[in-house]
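mind folding the following:
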Amino acid sequence: MIWTLTLREKQRLRVFENKVLRKIFGAKRDEVTGEWRKLHNVELHALYSSPDIIRNIKSRRLRWAGHVARMDESRNAYRVLVGRPEGKRSLGRPRRRWEDNIRMDLREVGYDYRDWINLAQDRDRRRAYVRAAMKLRVT
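Next comes the predicted model:
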């Protein structure tokens, strides 16, 4: 996933995921009243043991970043990753870059160093951080 996710997009993805899970698992019969009702989010996630969509996105983003950071410098993906665009930015708050999201994801899993490209060179350490991203409690 290359684009940066805003809070609104994250919420929409979670809503969509819950909607799909409700379709898959169906309704539940209430023991007390005997009526059918929709499953609550907690019940859905108890039935569905896989990580939620946001954790999956963060994990895959870290995997892709490590892959691109190890590429040869002549590859286009690497040049886009480390390159700096020419020209002036528009007024206002700068948009969040993809690299900023990588740094935020790594900070959430306990990697506080600035140079994440060097982390990508050590595959075992990078894999550990990718696994940690899958286990994150996402709010």
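
buried residues in stretch 68-84?
For stretch 68-84, the neighbour count (16 or more other Cβ atoms under 10 Å) marks 68-69, 78, 81 as buried. Every residue, glycine included, has its C-beta placed from N, CA and C.

pLDDT on it, on average?
Summarised as a single mean, pLDDT over stretch 68-84 is 84.

CA-only coordinates of the longest helix seen in the chain in CSV, if you can.
Assignment by DSSP state H gives helix 7-25 as the longest helix of the chain. Listed in CSV are the C-alpha atoms of helix 7-25, where the atom choice follows Å, rounded to 0.1, in the frame of the first residue of the first chain:
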residue,chain,number,x,y,z
LEU,A,7,-7.7,8.8,10.0
ARG,A,8,-10.9,9.0,7.9
GLU,A,9,-9.6,6.4,5.5
LYS,A,10,-8.6,4.1,8.3
GLN,A,11,-12.1,4.4,9.8
ARG,A,12,-13.7,3.7,6.4
LEU,A,13,-11.5,0.6,5.9
ARG,A,14,-12.5,-0.7,9.4
VAL,A,15,-16.2,-0.1,8.7
PHE,A,16,-15.9,-1.9,5.4
GLU,A,17,-14.1,-4.8,7.0
ASN,A,18,-16.7,-5.1,9.7
LYS,A,19,-19.5,-5.0,7.1
VAL,A,20,-17.9,-7.8,5.1
LEU,A,21,-17.3,-9.9,8.3
ARG,A,22,-21.0,-9.4,9.3
LYS,A,23,-22.0,-10.7,5.8
ILE,A,24,-19.8,-13.7,6.2
PHE,A,25,-20.7,-14.7,9.7
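
check the secondary structure at the closest residue to Arg97 other than its chain neighbours for me.
Once its chain neighbours are removed from consideration, Arg97 has its nearest residue in Thr4; the separation is 7.2 Å (Cβ to Cβ, 6 or more residues apart in numbering). Three-state secondary structure (criterion: DSSP: H, G, I helix; E, B strand; the rest coil) places Thr4 in coil.

pull the residues that contact stretch 18-31.
In this structure, residues lying in contact with stretch 18-31 by Cβ atoms under 8 Å, 6 or more residues apart in numbering are 35-39, 41, 43-44, 47-48.
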